[in-house]
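Asker: Give me a model of this one.
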Amino acid sequence: MIGPFLQLGAVMAGMFILQAGNGLFATFLALRMTLEAFPTPIIGLVASGYPLGFLVSCLLAGRIIHAVGHIRAFAAFAAVQCCATLAFTLLAHPGVWLPLRFITGLSAAGLFMVGESWLNERTPTTVRGKVFAAYMISNMTAVSLSQLLLALADPAGPAFFMLAAALFSACL
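Answerer: Reported below is the predicted structural model:
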């Protein structure tokens, strides 16, 4: 019973770190848009870029994974996620942040698709439900704990963009 969990430890750890970065970035970005005095409807519009990118990626990422494999796809999606996160620091403007948020949704869905398909492929059917239950508990724990990181720095500075990008890099 413990064997599948140990074999998948690296994937589970990577996905935990990814979720921590994702949870931190989503919460921080909403806070940062408020600090930048974006109007509430604009905050909602920029935030909607993420699920739109996520949806598009759900339609396209499978082809990318099939074409280049899990490892290369994961590395590429993580690189895009990291670069897009850092690009938010270039200009605090909704016209820039909306496409960047779309890109982060696109790459996040690709990362989740790679991680979850990896888990699905490598997990024996007899314990797949237990492995995915542990995975979901890990995801929710990472997102919840990532909120504590907001106490580390001033949200008006670049620190949280860099911290989220570092987590996206570390998930590799």
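Asker: For the closest residue to residue 49 other than its chain neighbours, pull up the helix or strand it's in.
Answerer: Spatially, and ignoring its direct neighbours in sequence, residue 49 is nearest to residue 101 (3.3 Å; Cβ to Cβ, 6 or more residues apart in numbering). Yep, even glycine has a C-beta here, placed from its N, CA and C like the rest. According to DSSP states H and E, residue 101 maps onto helix 94-122.
Asker: Could you name the helices and strands sitting against the helix or strand just after that helix?
Answerer: Downstream of helix 94-122, the next assigned helix or strand under DSSP H and E is helix 128-146. Judged by 3 or more Cβ pairs under 8 Å, 6 or more residues apart in numbering; DSSP states H and E, the packing partners of helix 128-146 are helix 2-7, helix 9-35, helix 94-122.
Asker: And the longest one, what's buried?
Answerer: Along helix 94-122, the positions that meet the burial threshold by neighbour count (16 or more other Cβ atoms under 10 Å) are 94, 97-98, 100-115, 117-119.
Asker: For this structure, name the helix or strand with the lowest mean pLDDT.
Answerer: helix 2-7 (a mean of 65; mean pLDDT, DSSP states H and E).
Asker: separation between the residue nearest the centre of the chain and residue 72?
Answerer: Centroid-nearest residue in the chain, with Cα atoms, centre = their mean: residue 22, separated by 3.9 Å. Remark: distance between residue 22 and residue 72 (Cβ to Cβ, to the nearest Å) = 21 Å.
Asker: Over to residue 161?
Answerer: Distance from residue 161 to residue 72, by Cβ to Cβ: 26 Å.
Asker: Settle it for me: which of the two has more neighbours?
Answerer: A direct count of neighbours by other Cβ atoms under 10 Å for residue 161 and residue 72 places residue 161 higher, at 19 against 13.
Asker: Tell me how far that one lies from residue 70.
Answerer: From residue 161 to residue 70 the distance is 28 Å (Cβ to Cβ).
Asker: got it, and residue 154?
Answerer: Residue 154 is 38 Å from residue 70, by Cβ to Cβ.
Asker: Of these two, which one has the most company?
Answerer: residue 70 (17 against 9).
Asker: Can you verify my assumption that that one contacts residue 118?
Answerer: Yes - Residue 70 is in contact with residue 118 according to Cβ atoms under 8 Å; the separation is 5.3 Å.
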